[in-house]
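need a 3D model of the sequence below.
(one chain, ligands or ions: 1)
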Amino acid sequence: MSQRYPLSDTLQASTHQVENQPPPLENYNSYTTDRALQEGVQREGGTDDASLKAFGKWAGSAEAIALGFDANRYSPQLVTHDRQGHRVDLVEFHPAYHQLMQTAVEHGLHASPWRNPKPGAHVNRAANYYLHTQVEAAHGCPITMTFAALPALRHQPSLLESWGEKITAPHYDPRNVPYFEKQGVTLGMAMTEKQGGSDVRLNTTRAYPIDQGRPGDAFELVGHKWFVSAPMCDAFLVLAQAPGGLSCFLLPRWRPDGSKNPLHIQQLKRKMGNVANASSETELRGAFAWMVGEEGRGVRTIIEMVAMTRYDCMIGSSAGMRQATAQAIHHATHRHAFGATLSEQPLMQNVLADLAIESEAATTLMLRMARAMDHQDNEHERLLSRIATPVGKYWICKRTPHHAYEAMEVIGGSGVMETHIMPRLFRESPINAIWEGSGNVQCLDILRAIEKQPEVLDAFFDELAKAQGANANLDRFVRNLKQDLQDTQALQYLARQLADGMALALQGALLVQHAPDYVADAFCAGRLIERSALNTGTLPTGLDCAAIIERAQPLE
Ligand SMILES: Cc1cc2nc3c(=O)[nH]c(=O)nc-3n(C[C@H](O)[C@H](O)[C@H](O)COP(=O)(O)OP(=O)(O)OC[C@H]3O[C@@H](n4cnc5c(N)ncnc54)[C@H](O)[C@@H]3O)c2cc1C
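As a prediction, the model looks like this:
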C-alpha cells in the first residue's frame, strides 16, 4: 500500500499558484495597436493600411514571435568543407531564420520601393520593416543590404540589367547554388578590413583586371575582409584597390561559369548580439568580381548603399524601441506591487511615459525620413534626407541601448531572463549604432554635408520652421541651436553636441506638428529645456503621463 503525505499534498498545491505574473505579449496586432506608427504611415503618404493590418496581425502572433526566439537560440554554424573534403563555405541556419527571410522577401522588405515605385512606397516598406524587426532584428541585416545594394548598382547599368530583376524579385532562395540558377538573390557588402573600418581608404584588398579593366569588366580580388555579414548572400559589394584606386566591385558567390568563387569563410564571429545573423571573416583568393562604377571612385559608388543602410538603421532601432516600450507598458499594466498596478503609480508612470515619448519621437522621425525618400525629386526633401539621415542614424541608434535597459528594468528580474525578449532587444541595441558608421562618423558626416552643401542646413531649418510658434521650449531651443552653429571654432570637437541638438530639434518639431499635445509637451518639457536630466523617468511635473502611456499601450 503506498504511503500518503497529506501535508505536502495540500501545501505544495497552494504554494504553486501562479499569481501576479503578466501574460506574454502575444497574439496582438503590432500595427493597429501602435498609434504613432499607424497615424504616421497615413500622414507621410503610406498607402498600405490594409496589408499592414494583416502584417501586424502576423507579426504579433505567438507563431511569429516563436520564430524570433528559435532563430536566435540555434545560432548559425559554419561548414567549411563537405564530407569528401571539398571547400563549400556553407553557413547553416535554423529553419526559423529561413522562414523569417522568406516572409521578409515575400513582403518586399528587401526591394519593394525599387520593384514597385508607387507613391508612399518607402513609407509602406519602412512600416513593414519596422513590424518585422520587432519579431527578429538580426535577419534584417541581409534584407537591408539587399535593399541598399540596388542604388549603388545603378552606377553600372550593365550589371543592373542582369542583376536588378533577381535582386528585387519577391523570391527567397537559400540554396547554395549559382545566382543564375535562382529567381531571387540576396546581397551583402564587404568593406571593413582589419586595419580600416571607418577609414576604408586603408583597404589593402587588391583588384587585378582580367580583361580591359573598365567599369563593368571582370577582375580578380585578393585580400581579407574582417566583417562580412550574411556570407550566404549570392553576391557582395566589395571595396578593393584597383590600379586606379579604391573601387567598388560586385562579387558573386559562384563564378559565371558555375565554378565556386574563392571567397573563403575563415570563421564566424562570436557576437554579443545579432546572433541569428552570421558575420564572418573572409579571405578573397583571386575571387572573381565585376567593377561597379568608375575606377578609383569606389567610396562614391558604395556610399549610395551606405546611405540606405544608415536609413534602415533608423527604422531598425526605432522598432527596437517600440517593442521595448510595448513590453514595458504591457508588463506594468498587469503587475501589482505595494497594493497597486505598477502602471498607475506616479514614479512608474514617469518612467513609462518617458520610454513612450522616446519611442514615438524615433518612429515619427524615421517615417518623416521615409517620406523624404519617396520624394527625392523634390529639392527640399533631397537636401533634408542628406542631412537628417546621419542626424537620425546617430541619435536614434544611440538612444536605443539605454532605452532597452530601462524597459528591461521595468520588467524586473524576468526582464533579464532569456525566456523574455528583452535580453535580445538589449544585446541587439548597440549594433546599429556601431555598424554602418559609428556615432562619431555620423557626426563628421553631418559636418561634411554642411561644408560641401550649405543648403542642407537651410533645408533643415526650413523643416524646423514648420513648427515655429507652437511651443515656446522648442522655439528657444531652435534659436540656441542656430547660435551654436555660428561658432565654427572647435566644430569637430563639439560635433556630438551639435548632432544631439539637431536631432532633438527635429524630433520636437515633428511631434509638435503631428503628435497629440500631451506627447509633444512632454517631449519638449523633458528634452528641450536646460535642466533636462539624462536619466529616464525624470520628466517634470504637470504632464499627462497616463495619456501618454495609454496611447502607447499595445492593446486595441
Ligand atoms: C554586427 C556587425 C556586422 C557587421 N557587418 C559588416 C559587413 O557585413 N560588412 C562590412 O563591411 N562591415 C561590417 N561591419 C563592420 C562595421 O561597419 C565597422 O565595425 C564600423 O564601420 C566601424 O569600423 P571599425 O570597427 O574598423 O572601427 P574604427 O573605424 O576603428 O572606429 C573606431 C571608433 O573610432 C571612431 N572614429 C573613426 N574615425 C574617427 C574620427 N575621425 N574622429 C573621431 N572618431 C572617429 C568611430 O566612430 C568608432 O567609434 C559589421 C559590424 C558589426 C558590429
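
enumerate every residue touching Leu528.
Leu528 sits next to Asn473, Leu474, Arg476, Phe477, Leu504, Ala505, Gly508 when contact means CB atoms under 8 Å, 6 or more residues apart in numbering. C-beta: built from backbone N, CA, C; applies to glycine.

residue contacts, the fifth one?
With CB under 8 Å, 6+ apart as the criterion, the residues that contact Leu504 are Trp395, Phe477, Arg527, Leu528.

got CSV for those residues, with distance to the ligand too?
Formatted as CSV, the contacts of Leu504 follow (distance: CB to the nearest ligand atom, whole Å):
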residue, distance to the ligand
Trp395, 14
Phe477, 26
Arg527, 24
Leu528, 26
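
from the residues you listed, which land in helices?
Among the contacts of Leu504, the members found in helices (DSSP state H) are Trp395, Phe477, Arg527.

leaving out the residues flanking it, which one is nearest to the second one?
Spelled out, that is Phe477. Excluding the flanking residues, the one nearest Phe477 by CB to CB, 6 or more residues apart in numbering is Leu528, at 4.2 Å.

and Ser30, by the same measure?
Using CB to CB, 6+ apart, the closest residue to Ser30 is Gly60 (4.1 Å).

backbone phi and psi for that neighbour, please?
Dihedral angles of Gly60 (phi, psi; degrees, to the nearest 10) stand at phi -90, psi 0.

neighbours of Ala138, how many?
Counted with other CB atoms under 10 Å, residues neighbouring Ala138 total 29.

quick check, it in contact with Arg427.
No - with contact defined as CB atoms under 8 Å, Ala138 does not reach Arg427; the gap is 9.9 Å.

does the ligand sit close to stretch 259-266?
No - using CB under 6 Å from any ligand atom, stretch 259-266 never reaches the ligand; the gap is at least 12.4 Å.

how far does that stretch sit from its chain's centre?
Offset of stretch 259-266 from its chain centre (CA atoms, centre = their mean, to the nearest Å): 29 Å.

drop anything exposed from the contacts of Leu528.
Asn473, Leu474, Phe477, Leu504, Ala505, Gly508 (16 or more other CB atoms under 10 Å).

tell me who's in contact with the second one.
What that stands for is Leu474. Ala467, Ala505, Gly508, Ala509, Val512, Cys524, Leu528.

tally of neighbours for the residue in the chain positioned nearest to the ligand?
Proximity of the chain to the ligand (CB to the nearest ligand atom) peaks at Gly197, 1.9 Å away. As a burial measure, Gly197 scores 18 neighbours (other CB under 10 Å).

where's the residue nearest to the spatial centre of the chain, which helix or strand?
For the chain, Gly316 is the residue whose C-alpha lies nearest the centre (CA atoms, centre = their mean; 2.5 Å). Following DSSP states H and E, one finds Gly316 within helix 298-334.

I'd like the next helix or strand past that helix.
Criterion used, DSSP H and E; the element after helix 298-334 is strand 336-337.

and Ala362, which of the three is it?
Secondary structure, DSSP: H, G, I helix; E, B strand; the rest coil: Ala362 is helix.

in contact with the residue nearest to it when sequence neighbours are not counted, which residues are there?
Distances taken as CB to CB, 6+ apart place Ser318 nearest to Ala362, at 4.0 Å, with adjacent residues excluded. If a contact means CB under 8 Å, 6+ apart, then Ser318 has Tyr130, Ser359, Ala362, Thr363, Leu365, Met366, Ile396 as its contacts.

pLDDT on the lengthiest strand in the chain, on average?
Secondary structure of the chain per DSSP state E: the longest strand is strand 279-292. For strand 279-292, the mean pLDDT works out to 98.

how about JSON lines for the ones in helices among the contacts of Leu504, with distance to Ile210 added?
Output for the ones in helices among the contacts of Leu504, formatted as JSON lines (distance: CB to CB, whole Å):
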{"residue": "Trp395", "distance to Ile210": "45"}
{"residue": "Phe477", "distance to Ile210": "57"}
{"residue": "Arg527", "distance to Ile210": "56"}
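
related to what we said a few turns ago, list just the nearest of the contacts of Leu504 to Arg382.
Distance to Arg382, by CB to CB, is smallest for Trp395 among those, at 20.6 Å.

residues near the closest one, how many?
26.

just say helix, strand or coil for Leu221.
Taking three-state DSSP, the label given to Leu221 is strand.

that one and Leu239, how far apart?
Look at Leu221 and Leu239: by CB to CB, to the nearest Å, they are 10 Å apart.

can you check Glu344 too?
55 Å.

what about these two, which has more around it?
Shown here are Glu344 and Leu239; by other CB under 10 Å, Leu239 has more neighbours (26 against 13).

returning to that earlier point: overlap in contacts, Ala138 and Arg427.
With CB under 8 Å, 6+ apart, Ala138 and Arg427 have common neighbours Gly273, Asn274, Val275.

tell me, which of the residues you listed make contact with the ligand?
Asn274.

and the shared contacts of Ala138 and Arg427 as JSON lines, adding pLDDT?
Shown next, in JSON lines, are the shared contacts of Ala138 and Arg427 (pLDDT from 0 to 100):
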{"residue": "Gly273", "pLDDT": "95"}
{"residue": "Asn274", "pLDDT": "96"}
{"residue": "Val275", "pLDDT": "96"}
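
on that earlier part again, surely the residue nearest to the centre of the chain touches Glu136?
No - with contact defined as CB under 8 Å, Gly316 does not reach Glu136; the gap is 11.0 Å.

helices of the stretch 451-556 of the chain, start to end?
All helices of the stretch 451-556 of the chain, identified by DSSP state H, counting those that start in this stretch, fall at 455-465, 472-486, 495-514, 517-527, 545-552.

let me know the average pLDDT across the last one.
Yep, that's helix 545-552 we're talking about. 98.

show me what counts as buried in it.
Buried residues in helix 545-552 (16+ other CB under 10 Å): Cys545, Ile548, Ile549, Glu550, Arg551, Ala552.

the longest one too?
By neighbour count, with 16+ other CB under 10 Å as the criterion, the buried positions of helix 495-514 are 495-496, 498-512, 514.
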